[in-house]
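> kindly generate the corresponding structure for this input.
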Amino acid sequence: MALYVEDGALHAVFTRRRGDLRRHAGEISFPGGRQDPEDPSLEATALREAMEEIGLPPEDVALLGALTPTPTVATNYAIHPFVGLIEPGTEWTLSPREVDEVLEVSLADLRAGYDRRRLVRRGVPFRTETYLVGDQLIWGATARIVGDLLDRLARG
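As a prediction, the model looks like this:
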């Protein structure tokens, strides 16, 4: 989870996954992926994936720490989120195989867009935490990761 401060406000960087992917198609997420055997750590995996997906150089990220590992329901992954601080104004280079767009959202807008909504996926209705910013709906594991960050920040 790349964060930056601009005009005194903290922002998070998200991606919208390509709509034709096998898993989590079209969903809003953070850059990330599976650990490769040559990755020395999960932190290294996170930095490599951010470089591959959005062109964020690892040396431009000041790692701040880790959030709680978060499971995905549909694909049964365990996401190990890391938080890093970057400079505002980064130029993104999107992976054409994985990413449709980068979204930069203030944490204040995320907080304001929080709700529990009824969604239907694969014909199954369920209630879940969501964040709606403009017409961008953040839900699922990504919303749980955002909630973890916002809770930690609120606790100081």
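> where do the strands of the chain begin and end?
Remark: strands assigned in the chain by DSSP state E are 2-6, 9-17, 28-29, 62-66, 70-71, 78-79, 82-85, 99-106, 114-121, 124-133, 136-138.
> pull out the buried positions in the first one.
Neighbour-count burial for strand 2-6, counted by 16 or more other CB atoms under 10 Å, picks out A2, L3, Y4. Glycine gets a C-beta too; all of them are placed from N, C-alpha and C.
> re earlier: looking at the strands of the chain, which is buried most?
strand 28-29 (a mean of 21; mean count of other CB atoms under 10 Å).
> and that strand, what other elements does it pack with?
strand 9-17, strand 136-138, helix 140-155 (3 or more CB pairs under 8 Å, 6 or more residues apart in numbering; DSSP states H and E).
> next one, pLDDT for the residue of the chain most remote from its centre please.
Going by CA atoms, centre = their mean, the residue of the chain most distant from its centre is G123, 25.2 Å out. On the pLDDT scale, G123 is placed at 85.
> and it, how far is that from W92?
From G123 across to W92, the span is 35 Å (CB to CB, to the nearest Å).
> how about the contacts made by the closest residue to L10 other than its chain neighbours?
Leaving aside its sequence neighbours, L10 sits nearest to L107 (CB to CB, 6 or more residues apart in numbering; 4.7 Å). Neighbouring residues of L107 by CB atoms under 8 Å, 6 or more residues apart in numbering: A9, L10, H11, A12, L149, L150, L153.
> for the residue nearest to the spatial centre of the chain, which residues are in contact?
Residue closest to the mean C-alpha point of the chain, counted by CA atoms, centre = their mean, is F30 at 2.3 Å. Each residue near F30 by CB under 8 Å, 6+ apart is listed here: M1, A2, V13, F14, T15, P81, T142, I145.
> isn't the first one up against I145?
Yes: at 6.8 Å, M1 and I145 qualify as touching, with contact defined as CB atoms under 8 Å.
> intersection of neighbour lists for these two?
F30, L67, P81.
> looking at those, which is nearest E59?
Here the nearest of these to E59, counting by CB to CB, is F30; it sits at 19.2 Å.
> picking that back up, would you turn the strands of the chain into JSON lines with distance to P40?
Shown next, in JSON lines, are the strands of the chain (distance: least, CB to CB, whole Å):
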{"stretch": "strand 2-6", "distance to P40": "20"}
{"stretch": "strand 9-17", "distance to P40": "24"}
{"stretch": "strand 28-29", "distance to P40": "24"}
{"stretch": "strand 62-66", "distance to P40": "14"}
{"stretch": "strand 70-71", "distance to P40": "22"}
{"stretch": "strand 78-79", "distance to P40": "19"}
{"stretch": "strand 82-85", "distance to P40": "14"}
{"stretch": "strand 99-106", "distance to P40": "25"}
{"stretch": "strand 114-121", "distance to P40": "36"}
{"stretch": "strand 124-133", "distance to P40": "33"}
{"stretch": "strand 136-138", "distance to P40": "31"}
